[in-house]
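S.K.: Mind looking at a prediction? Sequence and model below.
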Amino acid sequence: MSSPLHGLSIDSIRAGLLAKKFSAEELARQSLAYAEAENPKTNAYLTLAPERALKAARAVDAKIANGEDPGALGGVPIAVKDVIVTRGLRTTCGSKLLANYVPPYDATAVIRLEQAGGVILGKANCDEFAMGSSNENSAFGPVRNPVALDRVPGGSSGGSAAVVAQETALVSLGSDTGGSIRQPASFCGISGVTPTYGRVSRYGLTAFASSLDHIGPFGKTTRDAASMLQVIAGRDQMDATSAFAPVPDYAAALDGNVKGMKLGLPREYFAGLASETGDRVMAAVEVLKKLGCEVRDSQLPHTPYAVATYYIIATAEASANLARYDGVRYTTRSAAVHTLSDMYRQTRDEGFGDECKRRIMLGTYVLSAGYYDAYYLKAQKVRHLITQDFARAFEQVDAIVAPVSPFPAFKLGEMINDPTAMYLSDIYTVTGDLAGIPCMSVPCGLTAGGLPVGLQILTRHFDETTMFRIADAYEKASH
Amino acid sequence: MKITEQEVRRVADLANLALREDEVARMTHDLDGILSHIDKLNELDTTNVEPMAQVLFNAEETATLREDRERPSLTNAEAVANAPLTSGGYYKVPRVIER
C-alpha cells in the first residue's frame, strides 16, 4: 500500500482540489486510514484526530463548492508536535505527567494553519518536553526512523519528521530549541526549518527554554516548508516576543537563481565529523558552486564553546519553566501524599522522566547561590560572543553552509546511556538557536548504508528568503 | 569530582524533586560528566563582554504592549478542568495550615 500523499505537494493538492480530481474529505479520510495502518511501524503519532480533521476538510470542500478560495493550505494534511497545544485535543508533551491533559485553547500557529484550510490529522510524538536528540525520551515509547526502522528519527521533533518521511502527513509543525527540527529532518531525509527567533508566535508552545524556543515547519521539499512558514509567521499580540518585521513572499524567491551569492564554509563545523557526512555536505557545496555561488572560508571561532553555553542557558530556563508541573493544575498528582511539599516532590519524581530530571537538576544547580556568576552569567557572555561570530561572518557572506549533525541516524539504544555524548552531538545546531538566526536542514544525499544526510543553511536575522532560495536551488539541481 | 552526592541532594531539594537513592548516585555521575565539559568555558576571557539574555532586534520596548481592552477569557470551569482535584471552582491541595 502506498501513501495517498505520495507524489503530492501543497501546490498539487490545491490544483487537484480546484480541478475536482479529489475532495479534501476524501484526501483526509485516506490519509487518516493510511496513518492508522502505518503508525505501529514508527510510533510517530501519539493521537489521531479524525473528527477535527474531517470537519476541517469538509469546510474546505464547502468553500470550493461555493466558489471561494480554499486557503493557502486548503486540504493539506498536517501533523502537529505534541508540545503545541490544541483545544480539546489531548496534548501530552511526551510526558506521563500530561498523559490526560486536554488544553482549553489553541496555539496561534495552530489557529493560523486551520484558518488557511489546513487539516490537522493528529499529534506527533516527541521527546518529553522537547528534551532530547533521539526521541527516545518520550513516555509513550520511542519513534522509529521510517528510513531505517532500527534507528532513531532524531529529536526532539522525531515524530514530526517521521510522519513526513513516512508520508502519513504531508507537512508538520515541530519546535526547535537546540536543533530539534533540523537534526530530525536530516536523519529522516526531509526539509526542516528553524525560523528567526520571534518570526513565529510561541503562544501555545509548551515552554522549554524561552530565550531559545522556536516553532517551525517540516516538509518533503523546501517549497512546502516555505509555504507553511508563510502562513504561521508574523506578529501575534499573544506573544510579546513575536516580531513586527513584515513577512515577505517566500515562494517568489524560489526561482533557482543563486548566481553570485556568497557562501561561507566554517571550518569549525568540519572538525570531528563522520567522513561520509562531510563528503555529502561538500558534494552539495560543489553543486551550489556550479550554480554560480561563490564559496569562501568563514570563521566562527567560538563554536567549540556552544554546547556548554547551550546546556547552561537551556537547562536554567527549563528548570524555571518546568516548575509549574507541581501536582496542582496539570492532571497528575502523586497518590500517597499528606503534605503540600510531599505532593510537589513526589508528583515530580514520579512524573518526569530521566532526561527532564537531569535538565531540571543541572538548571537548578547553575542558577543556585554561589554558582550563578560562574555558570549562568558566563554562559550569557559566551552566547554574546557566538552571536558576534555570526554577525562578523555575515559581513562577508550571504549564508553559511555546514553539516547538521556529526553523524547520520544512530541505532535505538546506542547513545541513551551517555547523556554527555548525546549533548555533544548537538554541536552544529545549538549555535543557530543561541544567535536566533534562521537555519534549516535540506537533504543532501545518502551514506553508502542508505542513511540521509542534511545540509544546514544559516542566514542573517529575518533573511529566511535567502535561506529558502539556496535550499530550493540546490534541491532542483540535485534531483 | 565536580559535584558530590550531598550537593545533588541539596539541588534536588531546591528543585522540588524527591530523588530516590539509586537516582542520586546516577544523577551525580551524569551531572559530573556534563559539568566537566562545561568547564571548557573557563578557557575564555569574558571580562568586558556584555551578557546576552535575549535575542533583541532593536524593537521599542513599548512596541510589545498590547491595547488594554476587555476580551473573553477562559471560564472558571475551563481553567480548572485539568486539575487532579478541585472543589467549588478552586484547586484543592493538602492542608497547609492547621486549624
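M.R.: Arrived safely, thanks for sending.

S.K.: Just give me the residue closest to the centre of the chain.
M.R.: Since you didn't name a chain, this refers to chain A. Geometric centre of chain A, nearest residue: A:I181, 2.5 Å, by CA atoms, centre = their mean.

S.K.: please go with chain B instead
M.R.: B:A15 (7.9 Å).

S.K.: What's the local residue count around the nearest residue to A:N125 once chain neighbours are set aside?
M.R.: The shortest distance from A:N125 to any residue other than its chain neighbours is 3.4 Å, reached at A:G159 (CB to CB, 6 or more residues apart in numbering or on different chains). Backbone N, C-alpha and C define where each C-beta goes, glycine included. Applying other CB atoms under 10 Å in any protein chain shown, we find 38 residues neighbouring A:G159.

S.K.: Just to be sure, A:G159 is in a helix?
M.R.: Yes. Looking at A:G159 with DSSP: H, G, I helix; E, B strand; the rest coil, it is inside a helix.

S.K.: I figured it hits A:L46, correct?
M.R.: Yes. Between A:G159 and A:L46 there is a contact under CB atoms under 8 Å: 7.1 Å.

S.K.: part of a helix, is B:A77?
M.R.: Yes. Per three-state DSSP, B:A77 lies within a helix segment.

S.K.: May I have the secondary structure class of residue 26?
M.R.: If you meant another chain, say so; for now it's chain A. Relying on three-state DSSP, one would call A:E26 helix.

S.K.: Chain B was what I was after
M.R.: Counting by three-state DSSP, the backbone at B:R26 sits in helix.

S.K.: How many neighbouring residues does it have?
M.R.: With other CB under 10 Å as criterion, B:R26 counts 16.

S.K.: For it, give its distance to A:K357.
M.R.: Noted for B:R26: a distance of 10 Å to A:K357, by CB to CB, to the nearest Å.

S.K.: circling back to that earlier point, give me the number of residues near the closest residue in space to the residue nearest to the centre of chain B that isn't next to it in sequence?
M.R.: In space, and not counting its chain neighbours, B:A15 is closest to A:T364: 4.2 Å by CB to CB, 6+ apart. Residues near A:T364, counting by other CB under 10 Å, number 24.

S.K.: hang on, A:T364 packs against A:S319?
M.R.: Yes. Between A:T364 and A:S319 there is a contact at 4.6 Å, judged by CB under 8 Å.

S.K.: what do the two both touch?
M.R.: Here A:T364 and A:S319 share the contacting residues B:A15, scored by CB atoms under 8 Å, 6 or more residues apart in numbering or on different chains.

S.K.: and the closest residue to chain B within chain A, what does it touch?
M.R.: Of all residues in chain A, the one sitting closest to chain B is A:G436 (3.1 Å; CB to the nearest CB). Taking CB under 8 Å, 6+ apart, we find A:G436 in contact with A:T196, A:Y197, A:G198, A:T387, A:H461, B:V55.

S.K.: can I get these in TSV with distance to A:V285 and secondary structure?
M.R.: Compiled in TSV, these are given as follows (distance: CB to CB, whole Å; DSSP: H, G, I helix; E, B strand; the rest coil):
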residue	distance to A:V285	secondary structure
A:T196	24	coil
A:Y197	27	coil
A:G198	30	coil
A:T387	24	helix
A:H461	23	coil
B:V55	28	coil
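
S.K.: Out of those, which two sit at the greatest distance?
M.R.: With CB to CB as the measure, no two of these lie farther apart than A:G198 and A:T387, at 14.3 Å.

S.K.: low-confidence ranges in the stretch 101-250 of chain A?
M.R.: Within the stretch 101-250 of chain A, no range satisfies pLDDT under 70.

S.K.: May I have the phi/psi pair for the residue in chain B positioned nearest to chain A?
M.R.: Of the residues in chain B, the one nearest chain A is B:V55, at a distance of 3.1 Å by CB to the nearest CB. Torsion angles at B:V55 (phi, psi; degrees, to the nearest 10) stand at phi -80, psi 120.

S.K.: separation between A:S298 and A:E25?
M.R.: Applying CB to CB, the value for A:S298 to A:E25 is 50 Å.

S.K.: Which one of the two is surrounded by more residues?
M.R.: A:S298 (25 against 20).

S.K.: picking that back up, pretty sure the residue of chain B closest to chain A sits against A:R199.
M.R.: No. Applying CB under 8 Å, one finds B:V55 not in contact with A:R199, separated by 10.8 Å.

S.K.: which one of those two has more residues nearby?
M.R.: Using other CB under 10 Å as the criterion, B:V55 and A:R199 rank with A:R199 on top: 25 against 20.
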